[in-house]
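*Asks:* Sequence and computational prediction follow.
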Amino acid sequence: MTTRSEPEPSLDAIMSERRHLTNLAYRLLGSLAEAEDAVQETYTRWYAMSREEQDAIRSPGAWLTTVAGRVCLNVLGSARARRETYVGEWIPEPLPDGAVTDPADRVTLDESVSLAFMVVLESMTPAERVAFVLHDVFCHSFAEVAEIVGRSPAACRQLASSARRRVRASRPSLTTPAARSAGVVRDFKQAWEAKDIDALIGLLDPDAKAIADGGGLAVTFPHPIEGGEQIARAWVEIARLRPDDMTFLECAVNGQPGLVARQDGVVVTVFAFEVADDRIKNIWVVRNPDKLRRWTTTGIA
């Protein structure tokens, strides 16, 4: 990394990078808790350096991004092994608006953080994910990506290209604008509460899929449910078994229209949707309480 001697960067200048690092780390890891740990580790390494070493760094922001990327790459490698023993399906941690109180740690909720997009990122190898997110989402050059991934710029270009193909293959041919998606989710909620199976089938794509994540800590369906009619029947059965004190609320999930189930003042389930051609194509159900802590601290619950 090119260096030069200059005054020590101010604390404000260093800490102003925190939000960027948190946004990067969440997209790379799919867990805000792990992202915050990765950012903390990055700053720990910065402050472990001597004053002379800090002075020698030409761009502290670039240094922090490089270190955060490497930390996340290491975490992704170990996470793949951990998820092989995870109970049931693993879904990225869903985020409500205002998932953290400190603006410096807040994740920008745009299309690059929708749960549909995050699920596709999970299908990539660690190196593909890092190369793609850094280049395509955060606009870093392949030379910068190479320094993080430890491969040549040409190899990183190939990694990002492979990841891009995965994204294109998973993307619906006819996307539905957010406002119309919200209407579809609202209609789904009403049909669900009414136990109207025909209405539910009409709102679901015939090839729709529903996946649930309980992490072994909450009861849920253990395997994906495939097919609109099968999902509709399962949701009617869920409605029949719903406790009297459980309520459903419309709420943004990772910036997209979704639902939450609340019981005794606590959010116990988050439902995220992918809507294409005005029909629900995917439903992700998160019931693992470890992934829902942010929902109780944001005022939603």
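*Replies:* Received the coordinates, thanks. In this text, all values refer to a predicted model and were calculated from it rather than measured experimentally.

*Asks:* just checking, what's the longest helix in the protein?
*Replies:* The residue-count maximum for a helix in the chain (DSSP state H) belongs to helix 60-83.

*Asks:* need the next SSE after the lowest-mean-pLDDT helix or strand in the chain, C-terminal direction.
*Replies:* One helix or strand of the chain scores below all others by mean pLDDT, DSSP states H and E: helix 11-15, with a mean of 79. Using DSSP states H and E, the next helix or strand after helix 11-15 towards the C-terminus is helix 18-29.

*Asks:* same for that following helix, what does it pack against?
*Replies:* helix 32-47, helix 60-83 (3 or more C-beta pairs under 8 Å, 6 or more residues apart in numbering; DSSP states H and E). Any C-beta I mention is one placed from the backbone N, CA and C, and that applies to glycine too.

*Asks:* neighbouring contacts of that helix?
*Replies:* 32, 34-36, 38-39, 42-43, 61, 64-65, 68-69, 71-73, 75-76, 79, 95, 103-108, 112-113, 118, 121, 129-130, 133-134, 137-138 (C-beta atoms under 8 Å, 6 or more residues apart in numbering).

*Asks:* The same query, at a cut-off of 7 Å, please.
*Replies:* With contact meaning C-beta atoms under 7 Å, 6 or more residues apart in numbering, helix 18-29 is reached by 32, 35-36, 38-39, 42, 64-65, 68, 72, 75-76, 104-108, 112-113, 121, 129-130, 133, 137-138.

*Asks:* Report the mean confidence score over that helix.
*Replies:* For helix 18-29, the mean per-residue pLDDT is 95.

*Asks:* Over to stretch 41-54?
*Replies:* The average pLDDT for stretch 41-54 rounds to 94.

*Asks:* What distance do you get for residue 281 to residue 172?
*Replies:* 6 Å (C-beta to C-beta, to the nearest Å).

*Asks:* between those two, who's got more neighbours?
*Replies:* residue 281 (20 against 15; other C-beta atoms under 10 Å).

*Asks:* ok, the helix or strand containing that one: who's next to it in the sheet?
*Replies:* For residue 281, the element it lies in under DSSP H and E is strand 279-286. Sheet partners assigned to strand 279-286 using DSSP bridges are listed as strand 204-213 (parallel), strand 266-276 (antiparallel).

*Asks:* Can I get those in a markdown table including mean neighbour count, mean pLDDT and distance to residue 243?
*Replies:* Output for the strands paired with strand 279-286, formatted as a markdown table (neighbours: other C-beta atoms under 10 Å; pLDDT from 0 to 100; distance: least, C-beta to C-beta, whole Å):
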| stretch | mean neighbour count | mean pLDDT | distance to residue 243 |
| --- | --- | --- | --- |
| strand 204-213 | 20 | 97 | 18 |
| strand 266-276 | 23 | 96 | 10 |
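
*Asks:* among those, which is nearest residue 233?
*Replies:* Closest to residue 233 of those is strand 204-213 (C-beta to C-beta; 10.8 Å).

*Asks:* Kindly confirm my reading that residue 97 forms part of a strand.
*Replies:* No: according to DSSP: H, G, I helix; E, B strand; the rest coil, residue 97 belongs to no strand; its state is coil.

*Asks:* Can you tell me the closest non-neighbouring residue to it?
*Replies:* Excluding the flanking residues, the one nearest residue 97 by C-beta to C-beta, 6 or more residues apart in numbering is residue 252, at 5.5 Å.

*Asks:* can you pull up the bridge partners for that neighbour?
*Replies:* residue 257.

*Asks:* so what are the domain limits for this structure?
*Replies:* Per automatic domain parsing, the structural domains of the chain span 11-170, 178-296.

*Asks:* among these, which gets the worst mean confidence?
*Replies:* Minimum mean pLDDT among these: domain 11-170, a mean of 90.

*Asks:* what comes into contact with the helix or strand encompassing residue 146?
*Replies:* If you go by DSSP H and E, residue 146 is part of helix 142-149. Applying C-beta under 7 Å, 6+ apart, the contact partners of helix 142-149 are 66, 69-70, 73, 127, 130-131, 134-135, 152-153, 156-157.
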